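Colleague: Model the structure of this input:
(chains A and B)
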Amino acid sequence: MAIMTKEFNISQIRDDQVRLLERLSNACAVSGDEGEVRKIVLEEVRPHADEVKVDALGNVLVNKRGSGDPSLRVMLAAHMDEVGLMVTNDEGEGIYRFATVGGLSAADLIAKVMWISKDHIPGVIGIKPIHLTDAEERKKPFSVDDLRLDVGPGTSKVKVGDRATFSTKFIQHGPSLRGKALDDRLGVATLIELIKHAPPQIDLQAAFTVQEEIGLRGARVAAYAFNPDLAFVLDSTPAYDLPAWDVDENVIYNTRLGAGPAIYVADSSTLSDPRLIHYLVEIAEAYRIPYQFRQPGGGGTDAGAVHKQREGIPSVSVSVPGRYHHSAASIARLSDWQHTYNLVAAALFNLTPQVLAGER
Amino acid sequence: MKPLIQKLVESTGPSGYEGQIRSVVQAEIEPYTDEQRIDALGNLIARKGNGGPDGIKLMLAAHIDEIGVMVTQVDEHGFVRFTTLGGVRPYTCIGGRVRFLNGASGIISLEPLDDMTKIPTFEQLYIDLGLSTNQNFPVGIGDVAVFDRPFLDLGGRLVAKSMDDRIGAAVLIETLHQLKETPHQLYFVFSVQEEVGVRGATTAAFGIDPDLGLAVDVTATGDTPRRTKVRMEVSLGKGPAIKVRDGGMLADRRVVDWMVRGAEKLGLPYQLEILEAGSTDARAMQLTRAGVPAGCLSIPCRYVHSPSEMVDFEDVQQAVQLLVELLSHPVTL
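Modeller: Sure thing, here's the model as predicted:
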């Protein structure tokens, strides 16, 4: 299939978009409690959508109708939730026990300042000071059960069931973006931008999903409801391309910063539709957008739930690469974000039912 | 039936990339079915029979995908690192040969072992395509390959890669050839992506919305040498196995009894199967929509998920006889 490269106005990721990402990154939305991010999403998309609804699980489902009769129904998904903690026990004196929500280990949590509940109540996860430990003790790994949230006595409004997340404030420095929850606020910000500049010929069905980090739960019902012809999932995937690795042969870097959007071939949840992989590669090459393939392997995105709904939905994922995901601070490159936006936007603008011609 | 089996097992269809094997199956069943379609994930769905007053809507599934490998990295010297598609184990790979979809071939070898007592991990294995650089390399990240082994006819026993589940596909195709009349609407599904989590059957079952679901797949056996006392009660050559349970499904007791009655009516040998791990497309059928009575007719198979999977030809033929009998008559559960 020859790609006719349409001229279209590529929106630039400038200060406005970075400020939106900043608001999204600083908002707290641990899985199951996505209200704070949802509020920003609703505010941003309402003026640009034909229909906006919040479903029973809390997904924001946005419809932007195309001019075709009928138009190709294209689902785009980005998850609003982030990994974090849930307070499980009040041990008195402002000390709380907690459980992790999504993929987090004790090592990610030690000595971090956290925001707890909708009110962003500050707390700290302390450990025994090094003065008081001996050499043997320092070799032992910590478990989450060894750790507590310390909010201090007297003033606490913290309740069992409250969520907590890292208190990291977003910054931009040079070519880089640093903040918590860039997985997947980068996807959320990209999707908002795509709704604002939607291509005319398709029905855009945007899902800002909940509970991705604990098992792709929101995307499942969102895809069932939309019943699209095909789906693109926008996420952010780890890059493990640290310079130290280049001394030896680094065979498991997953993705690299600065190498452009990462197209998924396979992860543990999805074997991407080869027709859509091929299409994205053709678009990238036609528009000279740099891209990389995410190394096939583990992990998963909302596509894992989407592609199995109803009679099957051809799906592919595209990620902005980011270092140190699921920790207090991730680092991504502005250029990778811009190229990811360009790739998905160009793919949508050129999309016709032809993309699914021929069997998978 | 042996030429059919050979054709199927020597075809290529790693999970997610079943196009080639699907066209082979399509050509085989075309004259024997009333309608064919391919769904969004690539399942081949063929209908036979319009159904009558005594008929139900039956879904029969055999998966056409096979385990394989996928490229994760090509180094500067042209050595290929890979990940797996489905349940591949590292020790079955060493010294094996793989064939990519574009025809490129290679062998799997391993880094020097520091500890000979430990099974190497996939991180220590690589594919060597016999090239010295990565320039103009025939494969790249995301390309897929299957294990390359020719069909071996040992007389009573047949050996091949991808017996799991091409032998199930062969049983369904042969059943279609032999089935004269049916009171039912039969949906023969040659499903995709079973090895990565019964994904194809999930969407096919939703689309068909059957009254009864039956998978035809291989099962493990307990009839090979081992030093522990725990043995599985299934052997090669003792007839097809009627699944009672596996790691993902409790077969509907009524479906089990239906198959048992059919085997006894024909005087066919059969075995009851309890498999501790693993599952089949029957799980996906059972859990679709509001739930479906489901079961599985299993072909006993030694060395499942190795490049040399072995079945007994008698078991295979008896499975066909049983299916033809079951599908020719009304079903009472």
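Colleague: give me every residue that touches A:Lys118.
Modeller: A:28, A:33, A:35-36 (CB atoms under 8 Å, 6 or more residues apart in numbering or on different chains). Bear in mind the C-beta positions are built from the backbone N, C-alpha and C, glycine included.
Colleague: Which two among the residues you listed are spaced furthest apart?
Modeller: A:Cys28 and A:Gly35 (9.2 Å; CB to CB).
Colleague: which regions of the chain sit below the pLDDT cut-off?
Modeller: This is for chain A. A:1-5, A:244-249 (pLDDT under 70).
Colleague: think we crossed wires, I meant chain B
Modeller: B:230.
Colleague: List, one by one, the residues from it near chain A.
Modeller: Within chain B, the positions adjacent to chain A are B:15-17, B:19, B:22, B:38-43, B:70-73, B:75, B:81, B:83, B:85, B:123, B:140-142, B:192-193, B:196, B:199-200, B:202-204, B:206-207 by CB under 8 Å from any CB of the partner chain.
Colleague: before we move on, the earlier item: so A:Cys28 and A:Gly35 - more neighbours on which side?
Modeller: A count of neighbours by other CB atoms under 10 Å in any protein chain shown puts A:Cys28 above the other of A:Cys28 and A:Gly35, at 25 against 14.
Colleague: Name the nearest residue to the more buried one, sequence neighbours excluded.
Modeller: A:Thr165 (4.8 Å; CB to CB, 6 or more residues apart in numbering or on different chains).
Colleague: I'd say that neighbour and A:Met86 touch.
Modeller: No: A:Thr165 is beyond contact range of A:Met86, at 10.6 Å (criterion: CB atoms under 8 Å).
Colleague: Of the two, which one has the most company?
Modeller: A:Thr165 (24 against 17).
Colleague: Three-state assignment for the more buried one, please.
Modeller: Three-state call for A:Thr165 (DSSP: H, G, I helix; E, B strand; the rest coil): strand.
Colleague: quick one: contacts for A:Ala233?
Modeller: Just to correct that, residue A:233 is Val rather than Ala. By CB under 8 Å, 6+ apart, the residues touching A:Val233 are A:76-78, A:187, A:219, A:301-303, A:306, A:315-318.
Colleague: one step back: what's the PyMOL line that selects buried ones from the residues of chain B next to chain A?
Modeller: Paste this into PyMOL to select the buried members of the residues of chain B next to chain A, with burial taken from 16 or more other CB atoms under 10 Å in any protein chain shown:
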select buried, chain B and resi 15+16+17+19+22+38+39+40+41+42+43+70+71+72+73+81+83+85+141+142+192+193+196+199+200+202+203+204+206+207
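Colleague: Strands - which of the residues of chain B next to chain A land there?
Modeller: B:38, B:70-73, B:81, B:83, B:85 (DSSP state E).
Colleague: Out of these, flag the one nearest to B:Met259.
Modeller: Distances from B:Met259 to those, taken by CB to CB, are shortest for B:Ile38, at 28.9 Å.
Colleague: Quick check: nearest residue in space to the closest one, chain neighbours excluded?
Modeller: A:Glu359 (4.6 Å).
Colleague: same question, A:Asn9
Modeller: Nearest non-adjacent residue to A:Asn9 (CB to CB, 6+ apart): A:His197, at 7.2 Å.
Colleague: A:His48 versus that neighbour, what's the distance?
Modeller: 9 Å (CB to CB, to the nearest Å).
Colleague: what is in contact with those two at once?
Modeller: Among the neighbours of A:His197, none is also in contact with A:His48 (CB under 8 Å, 6+ apart).
Colleague: So what's the residue count around A:Ile277?
Modeller: 18.
Colleague: what residues does the one helix or strand it maps to touch?
Modeller: According to DSSP states H and E, A:Ile277 maps onto helix A:274-286. Applying CB under 8 Å, 6+ apart, the external contacts of helix A:274-286 come out as A:1, A:3, A:5, A:230, A:232, A:260-261, A:263-265, A:289-291, A:314-316, A:318, A:343, A:346-347, A:350, A:355-356, A:358, A:360, B:16-17, B:142.
Colleague: Can you give me the buried ones in that helix?
Modeller: Buried, per 16+ other CB under 10 Å, within helix A:274-286: A:274-277, A:279-280, A:282-284.
Colleague: can you list the ones in strands among the residues of chain B next to chain A in TSV and add distance to A:Tyr324?
Modeller: Listed next are these as TSV, based on distance: CB to CB, whole Å:
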residue	distance to A:Tyr324
B:Ile38	43
B:Met70	26
B:Val71	27
B:Thr72	21
B:Gln73	22
B:Arg81	24
B:Thr83	23
B:Leu85	29
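Colleague: tell me the domain ranges of the chain?
Modeller: With no chain named, the answer covers chain A. Here the domain parsing of chain A from automatic domain parsing is A:15-82+A:180-356, A:84-166.
Colleague: my bad, chain B
Modeller: B:2-66+B:161-328, B:68-147.
Colleague: what about the first one, start to end distance?
Modeller: With CA to CA, to the nearest Å as the measure, the first residue of domain B:2-66+B:161-328 is 24 Å from its last.
Colleague: next structured bit after the helix or strand that A:Ile331 is a member of?
Modeller: Taking DSSP H and E as the definition, A:Ile331 sits inside strand A:330-333. Next along the chain after strand A:330-333, taking DSSP H and E as the criterion, comes helix A:334-349.
Colleague: C-alpha coordinates for that next one, CSV please?
Modeller: What follows is helix A:334-349, C-alpha atoms only, in CSV (Å, rounded to 0.1, in the frame of the first residue of the first chain):
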residue,chain,number,x,y,z
LEU,A,334,10.9,16.4,24.8
SER,A,335,12.0,15.4,21.3
ASP,A,336,10.7,11.8,21.9
TRP,A,337,7.4,13.2,23.0
GLN,A,338,7.2,15.5,19.9
HIS,A,339,8.1,12.6,17.6
THR,A,340,5.5,10.3,19.2
TYR,A,341,2.9,13.0,18.8
ASN,A,342,3.9,13.5,15.2
LEU,A,343,3.8,9.8,14.4
VAL,A,344,0.4,9.2,15.9
ALA,A,345,-1.0,12.3,14.4
ALA,A,346,0.3,11.5,11.0
ALA,A,347,-1.0,8.0,11.3
LEU,A,348,-4.5,9.2,12.2
PHE,A,349,-4.6,11.8,9.4
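Colleague: quick check: angle from it to helix A:274-286?
Modeller: Angle between the axes of helix A:334-349 and helix A:274-286 is 120 degrees (criterion: axes from the mean of the first three to the mean of the last three CA atoms, to 10 degrees).
Colleague: So which elements touch helix A:334-349?
Modeller: Applying 3 or more CB pairs under 8 Å, 6 or more residues apart in numbering or on different chains; DSSP states H and E, we find helix A:334-349 packed against strand A:176-179, helix A:182-196, strand A:230-238, helix A:274-286, strand A:315-322.
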